[in-house]
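Quick one, what's the 3D model for this:
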Amino acid sequence: MRILAVGDIVGESGVRKLKEELPKIKKEEEIDFVITNGENSAGGMGITEKNFKEIIEAGTNVVTMGNHTWGKKDIFKFIDEPRLLRPANYPKGVVGKGLGIYECNGKKIAVINLMGRVDINILTENPFIIAKEMVEELKNKVDIIMIDFHAEATAEKIAMARYLDGKITALFGTHTHVQTGDEQILPKGTGYITDLGMTGPKNSVIGMDVNVSIKRFETTLPEKYKLAEGECILNAVIFEIDNQTNKVTEIKRIYIK
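Numbering: from 1, shown residues only. So this is what the prediction gives:
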């Protein structure tokens with residue numbers, strides 16, 4: 001089993017880049033299942049039904065979200081779509097779901113979307129406790145458990161991976177839009193990378209216009225962000241999973257200009 005996780009789609013140009021590259025990646029790398037983070041796909045904040053459909057039609061099996069889940073009110077029209085996940089640790093009663101179970105090549109794949117609490121400034125339940133409860137509930141029901149942990153702090157992501165090592169198949173971080181070089185198989189067998197990176201404008205500050213971003217830091221004034229233009233990159237990771245043990249045997253980073 002080969003599962004591809006694609007870094008945060010930033011803006012409509014990021015969606016176009018995904019549509020251009022994903023079919024080729026799937027064919028060349030013999031990908032079986034695709035998870036794409038789409039929380040920044042609509043103008044850099046949120047997702048619309050149009051964005052969602054384009055990401056799915058490009059070859060994605062499930063779209064995960066994060067702190068900008070509610071950035072576009074359009075999401076309430078399709079929040080119950082089985083292939084759309086929002087962080088599972090939003091308070092109880094919030095619409096949508098943080099877990100999806102999908103069948104692929106005779107395997108049951110559980111995908112969990114979680115959000116960190118360090119420097120995110122959104123009121124959520126403790127992701128560690130929620131993760132522990134969900135994984136315990138799933139352990140005899142599925143073959144593979146994949147987690148998108150949408151978090152700011154590197155330490156929080158590493159701690160979560162160590163916390164769940166040996167209990168899940170793989171955990172990958174999203175949110176920072178910078179691909180990290182620390183892909184590894186942890187001591188008890190869980191595959192891990194701190195951040196997938198992003199799919200969006202290359203000459204930017206995490207997808208945003210450089211001059212606007214610098215002005216915000218230089219002046220401390222609330223300059224409105226705007227998306228950068230120009231050439232796009234695609235960041236992703238392939239998790240090679242043994243069909244007998246359901247353990248990760250290899251992790252491969254992808255960086256396409």
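
Lowest average confidence across helices and strands of this structure, where is it?
Here the helix or strand of the chain ranked lowest by mean pLDDT, DSSP states H and E is helix 210-219, holding a mean of 92.

And for that one, what's in contact with it?
By Cβ atoms under 8 Å, 6 or more residues apart in numbering, the residues outside helix 210-219 that reach it are 203, 204, 205, 221, 222, 223, 224, 225, 226, 228. Placement of C-beta: from N, CA and C, glycine included.

ok, so of the residues you listed, who is nearest residue 157?
In terms of Cβ to Cβ, no member of the contacts of helix 210-219 lies closer to residue 157 than residue 205, at 21.0 Å.

residue contacts, the closest one?
213, 214, 228.

okay, now the second one: neighbour count?
Close neighbours of residue 214, defined as other Cβ atoms under 10 Å, add up to 12.

For the stretch 1-150 of the chain, which segments count as helices?
Along the stretch 1-150 of the chain, the stretches classed as helices by DSSP state H, counting those that start in this stretch are 11-28, 49-57, 127-138.

So which elements touch the shortest one?
I take that to be helix 49-57. With contacts taken as 3 or more Cβ pairs under 8 Å, 6 or more residues apart in numbering; DSSP states H and E, helix 49-57 sits against helix 11-28, strand 62-64.

rerun that using 10 Å as the cut-off
Other helices and strands packing on helix 49-57, by 3 or more Cβ pairs under 10 Å, 6 or more residues apart in numbering; DSSP states H and E, are strand 8-9, helix 11-28, strand 33-37, strand 62-64.

in the least confident helix or strand of the chain, what counts as buried?
212, 213, 216 (16 or more other Cβ atoms under 10 Å).
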